[in-house]
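Undergrad: Sequence and predicted model, in that order:
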Amino acid sequence: MKNFRKITGALVLLFLLAGGLIFAQDKAINANQLPKTAKVFLSTHFKGIAIGSAIEDREIYGVDEYQVYLANGTKVEFDSKGNWKEVDGKHQKLPSGFIPASIRNYAAKNFPNTYIVKIEKERWSYKAELSNGLDLEFDRNGNFKKIDD
């Protein structure tokens, strides 16, 4: 009886995982299908840089995120509402307008001759990668926490 329960539990788990993989999928979309917030972000901070491709990441419950690849190689990830989550310049200097001033100022003051090439906004923190390879962590208010290894 115990083996039957284990096998049944394993099969149920397998079906749930398989169902999640079937329904979770990436779909190429037209840039016009991005949420308005994402379109405004791109036109404001990456004006004149064409969108190479846009991908909608769907989960069972709906859209999880959007990934946008710009013609200059930059990758921008947005949440389901179009708010930026991560901007990766692929070793290119990022425009600074959307980066919190405290993070920009800390990086400029403490690491002159470098620039931010990637920034990630998490629920309670920010992570910024500098052109020299250092990863800096900040709290959600933009106060420096530590250098990440």
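TA: Arrived safely. Everything numeric here is computed off the predicted structure, so don't read it as measured data.

Undergrad: I'd like the average pLDDT over stretch 124-136.
TA: Taken as a whole, stretch 124-136 carries a mean pLDDT of 97.

Undergrad: quick one: buried residues of that stretch?
TA: By neighbour count, with 16 or more other CB atoms under 10 Å as the criterion, the buried positions of stretch 124-136 are Y126, K127, A128, E129, L130, S131, L136. For every residue, glycine as well, the C-beta is placed using N, CA and C.

Undergrad: Any idea how far apart the tips of that stretch sit?
TA: Start-to-end span of stretch 124-136 (CA to CA, to the nearest Å) is 14 Å.

Undergrad: any residues touching that stretch, and which ones?
TA: In this structure, residues lying in contact with stretch 124-136 by CB atoms under 8 Å, 6 or more residues apart in numbering are 91, 93, 99-100, 103, 106-107, 111, 114-120, 137-140, 142, 144-149.

Undergrad: how distant is it from the center of its chain?
TA: Computed by CA atoms, centre = their mean, to the nearest Å, the chain-centroid distance of stretch 124-136 equals 14 Å.

Undergrad: again, but for stretch 132-141
TA: Chain-centre distance of stretch 132-141: 15 Å, with CA atoms, centre = their mean.

Undergrad: give me the low-pLDDT residue ranges for the protein?
TA: Low-confidence segments of the chain (pLDDT under 70): 1-24, 61-63, 149.

Undergrad: again, only using 80
TA: Along the chain, the parts satisfying pLDDT under 80 run over 1-24, 60-63, 149.

Undergrad: Tell me where it has strands.
TA: Secondary structure of the chain, counting by DSSP state E: strands at 25-29, 51-59, 62-70, 75-79, 84-88, 116-121, 125-130, 135-139, 144-148.

Undergrad: Of all residues in the chain, which one is nearest the centre?
TA: Relative to the mean C-alpha position of the chain, the nearest C-alpha, by CA atoms, centre = their mean, is the one of E86, at 3.1 Å.

Undergrad: Could you measure from K121 over to G48?
TA: Summarising the geometry, the distance separating K121 from G48, computed by CB to CB, to the nearest Å, is 24 Å.

Undergrad: Looking at those two, which has the bigger crowd around it?
TA: When neighbours are counted by other CB atoms under 10 Å, K121 comes out ahead of the other of K121 and G48, with 20 against 7.
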